[in-house]
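J.: need a structure here:
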Amino acid sequence: VQEIVKTGKWVGDCFIYTNSVNRLNYYVGGEIVTIAHLDRTLYLIGYIPKDNRLYLGDKELNVVSYELLVSVLEYQTAVMRRDFDTADRVLPTIPPAHRTRVAHFLEKQGFKKQALAVSTDPEHRFDLALSLGELDACHQLAVEAGSEHKWRLVADLAQQRGDLQTAQTCLLRAHDYPGLLLQATASGNAKLIREVGNEAENQGRNNVAFLSYFLTGNLKDCLELLIKTN
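T.: Numbering: from 1, shown residues only. Got it, this is the predicted structure:
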């Protein structure tokens, strides 16, 4: 991305600047972060770390300031230097509301495991855990979210890992009866096929229920289901 820098200042390994389209940005580790969209041309005056404030002024000598946490800059600088001991010491000083932004930075630098540990956004954490193949973390986040879509994704991951028991549990919570029936049939689990039939009928998934009853030779339930559904 090409930028025309108007005014700028280095803080550690972070370059803070204003550009030609009146944006206040900083650049670190190949990532450009927008701090603010300015409503007029402003010039960077300086940064006071102890106040976490960035100061800018205009031609009329009006001064405005924006929050920029020194802890975030220190953390990102430490990561860029691969100084993770320092990064770990700085992390507790970063407010929770800012940690997901830091986690996105870590992810872009290729440190997905660290990003998973830092992020406070459940959606972001689930995506990270899924990409890392962290089945336990995915399962816990799916429990917290209660999302059928997430349960299907966790089921897919469990199947890839050969954990069929967890996959079955996830498919059941996702109400994915066709998927559950397919797995039960493939594994020759007659008990599970019957359970799928009962659960599917309770949820009004009559086609799956009928097929489940038929596969287990339960002709009585097949007939009753046909009568019930006309």
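J.: what kind of secondary structure is Gly217 in?
T.: Assigned with DSSP: H, G, I helix; E, B strand; the rest coil, Gly217 falls in the coil class.
J.: any idea how far Val64 is from the nearest residue to Lys50 once chain neighbours are set aside?
T.: Among residues not flanking Lys50 along the chain, Val70 sits closest, at 7.7 Å (C-beta to C-beta, 6 or more residues apart in numbering). Placement of C-beta: from N, CA and C, glycine included. According to C-beta to C-beta, to the nearest Å, Val70 stands 19 Å off from Val64.
J.: helix or strand for the most centrally placed residue in the chain, which one?
T.: Centroid-nearest residue in the chain: His124, 1.4 Å away (criterion: C-alpha atoms, centre = their mean). Here His124, judged by DSSP states H and E, is contained in helix 122-132.
J.: what does the helix or strand following that helix contact?
T.: Scanning forward in sequence from helix 122-132 by DSSP H and E, the next helix or strand is helix 135-145. With contacts defined as C-beta atoms under 8 Å, 6 or more residues apart in numbering, helix 135-145 is touched by 116, 122, 125-126, 129-130, 150-151, 153-154, 157-158, 161, 163, 166, 170, 173.
J.: hmm, which of those are the buried ones?
T.: 116, 125-126, 129-130, 150-151, 153-154, 157-158, 163, 166, 170, 173 (16 or more other C-beta atoms under 10 Å).
J.: among those, which are located in helices?
T.: Among the buried ones among the contacts of helix 135-145, the ones falling in helices (DSSP state H) are 116, 125-126, 129-130, 150-151, 153-154, 157-158, 166, 170, 173.
J.: could you identify the most distant pair in the residues you listed?
T.: Leu116 and Arg173 (22.4 Å; C-beta to C-beta).
J.: tell me the angle of the helix holding His124 relative to helix 135-145?
T.: 150 degrees (axes from the mean of the first three to the mean of the last three C-alpha atoms, to 10 degrees).
J.: backbone dihedrals for Arg89, please?
T.: The phi/psi pair for Arg89 (degrees, to the nearest 10) reads phi -70, psi -30.
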